[in-house]
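> Prediction below, plus the sequence it came from.
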Amino acid sequence: MSNASASASPLEQGSLTGKRALVTGSSRGIGADTVQYLADAGAAVAINYRNKEARAVKLADTIREQGGSAITVGADLTDPTSVGALFRTIDAEWGGLDILVLNASGGMESGMAEDYAMQLNRDAQVNVLTSALPLMAPGSRVVFVTSHQAHFIRSTPTMPEYEAVALSKRAGEDALRALLPELEAKGVEFVVVSGDMIEGTITATLLNRLNPGAIDARKEAAGRLYNVGEFAAEVASAVVDPVPADHTRLVGDVSSFEPISE
């Protein structure tokens, strides 16, 4: 059972009826709970996965059993051919896209190429967005999910084990922000959602393994850490709430991070 199905949805039932939403990296964790919240609000959802097909299919089945609409689309986001096939599928199924949540990220996995974090967290994010744009009409919304550790990395150091990922996530955020004039010309809205370390995520688990006590220390500094369902609720809310002037939605306490100028 996902955290989302165990807690109240942050969105009004029916508020996204008729909308079509793709959430990258959504077979588990924050992505899966975000998909569930969007589906609960009436959106048709596309669950994207790289290799967790069984989880994606199970989530789609659950959403359909609840009366919702869901498809599963496997894709390696670092492979442009795979991304092209992903959007051809969405075009064939739906004929357009209203909501794109750029949730997939990584870089702490073992056995990947040295520049994998930058390939996934920067290059793939830009390619996914530019590939999605032809399907997005004025009034569509793009949400990029990141962490405070990445968002503030230029002014606040993070733990060494996470630094390469943080730098690549910030590079991705910067590259996406550079597309803002193009997005605004098309009438496509864009917002960054940044949160602290999230309890129960793969990243938090890996960090704690590499740096025992890291998550407890972060929790003490922040006062509390959001869990997966709580943070996914913020991501889902960012799909419908007015976009802040600086295109940034900061979730939770940021007093231990130095502000940066965008």
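Right, received. Where do you want to start?
> buried ones in stretch 181-193?
By neighbour count on 16 or more other CB atoms under 10 Å, the buried set for stretch 181-193 is 183, 188-193. The C-beta positions use only the backbone N, C-alpha and C, and glycine is treated the same way.
> And stretch 169-178, by the same measure?
169-173, 176-177.
> Report pLDDT for the residue sitting nearest the centre point of the chain.
Among the residues of the chain, the one closest to the centroid is N103, at 1.8 Å (CA atoms, centre = their mean). Looking at N103, its pLDDT stands at 96.
> Quick check, it in contact with V23.
Yes: with contacts counted by CB atoms under 8 Å, N103 reaches V23, the gap being 5.5 Å.
> Quick check: neighbours shared by the two?
31, 34 (CB atoms under 8 Å, 6 or more residues apart in numbering).
> re the thing from before, next up, the contacts around the residue nearest to the centre of the chain.
N103 is in contact with 23-26, 30-31, 34, 145, 235, counting by CB under 8 Å, 6+ apart.
> Quick one: the helices in the stretch 1-150 of the chain, in order.
Assigned by DSSP state H, counting those that start in this stretch, the helices in the stretch 1-150 of the chain fall at 3-6, 29-40, 53-65, 80-94, 116-118, 124-132, 148-151.
> Quick one: end-to-end length of stretch 10-24, please.
Start-to-end span of stretch 10-24 (CA to CA, to the nearest Å) is 20 Å.
> in it, what counts as buried?
Quick answer for stretch 10-24 (16+ other CB under 10 Å): 10-11, 16, 19-24.
> Run the chain-centre distance for that stretch.
Put simply, stretch 10-24 sits 15 Å off its chain's centre (CA atoms, centre = their mean, to the nearest Å).
> Please list the outside residues in contact with it.
Outside stretch 10-24, the residues touching it (CB under 8 Å, 6+ apart) are 31, 34-35, 37-38, 40-48, 73, 77, 90, 94, 96-104, 128, 132, 233-234, 236-237, 239-240.
> Filter those residues down to the ones in strands?
Among those, the members falling in strands (DSSP state E) are 44-48, 73, 97-102.
> Make TSV from those residues and add distance to M118 to it.
Listed next are the ones in strands among the contacts of stretch 10-24 as TSV, based on distance: CB to CB, whole Å:
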residue	distance to M118
A44	32
V45	29
A46	26
I47	26
N48	20
V73	24
L97	26
D98	29
I99	26
L100	21
V101	21
L102	15
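> which of those residues lies closest to P157?
Distance to P157, by CB to CB, is smallest for L102 among the ones in strands among the contacts of stretch 10-24, at 25.0 Å.
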